[in-house]
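**Student:** Following is a predicted model, sequence given first.
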Amino acid sequence: MKLLIVDTDRDWVEMLTGWLKTLGYEVCRAYTLDRAKREWEEQQPDLVILEPTMEIIGETDALALCRELRRKHDALILATTRGKSEQDEIYCLESGADDYLCKPFFPGQLLAHIRALTRRVRSTLSLQPSSLITVGPISIDALHNQVTVRGKTFNLTPTEGKLLHFLAINANNVCTANQIVSHIWGYGNDGDIYLIKSHIHHLRQKIEPDPSNPTYIITIRGVGYSLVRRAAEEDAYISEETARTLRVITG
């Protein structure tokens, strides 16, 4: 697995690079976002460990750059920041990070997050070309992490691809939050539930005609989410009575 570490703290980066290399990881590094952009395009990493508060002259922040570079080469993003507030975490996750880790942390914590993200990558890559699936106007290619809606194609992150594919194979059924966490991560905790909300938000930004009024990915309050086979023409709201008729999948 190839890692790209992006941080202004050179000593920290050098220490982390040496340690990760002893564990068998291929590591490249950057101390500025300009350098990170070149390394991302040339090295095509699987995972980027990033300090999200870095900026480029011109007010482009680190996560905005990641969103731009993902169009050229998709990679998972682990945000590592000294911010300790709930808002810092929400900002990182809703701005495109796949995971979040607050500094300072123990090496074992970082390794656990890397391994969890690695499992997601391997699970996505193990999907076969037959993982193409169509639900109404939505066509999902989970192998290449792409979705096409009414002829327009969008790139997905590996986690988004796996999540949308899971919803698609269970179209019109309700996928509970715990089932989604188990499918994507293999284990679950409260933090992963919040990650689901973030990824659902980003999926809606890509596939919904009006993300604030979703007609494809529907929230079933207190239960989970459902990808409906046909979007409602006049109203995205699913009534409680309709929601009760949706079968909650059990495994």
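**Tutor:** All right, it came through fine.

**Student:** Show the end-to-end separation of stretch 92-106, please.
**Tutor:** Counting by CA to CA, to the nearest Å, you get 20 Å between the two ends of stretch 92-106.

**Student:** May I see the buried residues of it?
**Tutor:** Cys92, Leu93, Ser95, Gly96, Ala97, Asp98, Asp99, Tyr100, Leu101, Cys102 (16 or more other CB atoms under 10 Å). For the C-beta atoms, the positions are set from N, CA and C on the backbone; glycine is no exception.

**Student:** Is the second one within a helix or a strand, and which one?
**Tutor:** When you say that, I think you mean Leu93. In the assignment (DSSP states H and E), Leu93 maps to helix 86-94.

**Student:** could you give the mean pLDDT of that helix?
**Tutor:** Helix 86-94 shows a mean pLDDT of 76.

**Student:** which residues sit against it?
**Tutor:** Helix 86-94 has contacts (CB atoms under 8 Å, 6 or more residues apart in numbering) with Pro52, Leu63, Ala79, Thr81, Gly83, Tyr100, Cys102, Tyr194, Leu195, Ser198, His201, His202.

**Student:** go with 6 Å
**Tutor:** For helix 86-94, the surrounding residues in contact (CB atoms under 6 Å, 6 or more residues apart in numbering) are Pro52, Ala79, Tyr100, Ser198.

**Student:** For those, which entry has the maximal number of neighbours?
**Tutor:** Most neighbours among these, by other CB atoms under 10 Å: Ala79, with 27 neighbours.

**Student:** helix, strand or coil for that residue?
**Tutor:** Three-state call for Ala79 (DSSP: H, G, I helix; E, B strand; the rest coil): strand.

**Student:** my read: it touches Ala97, true?
**Tutor:** Yes: counting by CB atoms under 6 Å, Ala79 does reach Ala97; the two are 4.0 Å apart.

**Student:** quick one on the thing from earlier: using JSON lines, lay out the contacts of helix 86-94 together with distance to Phe154, secondary structure and pLDDT.
**Tutor:** JSON lines is the format used below for those (distance: CB to CB, whole Å; DSSP: H, G, I helix; E, B strand; the rest coil; pLDDT from 0 to 100):
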{"residue": "Pro52", "distance to Phe154": "23", "secondary structure": "coil", "pLDDT": "81"}
{"residue": "Ala79", "distance to Phe154": "22", "secondary structure": "strand", "pLDDT": "88"}
{"residue": "Tyr100", "distance to Phe154": "24", "secondary structure": "strand", "pLDDT": "84"}
{"residue": "Ser198", "distance to Phe154": "17", "secondary structure": "helix", "pLDDT": "87"}
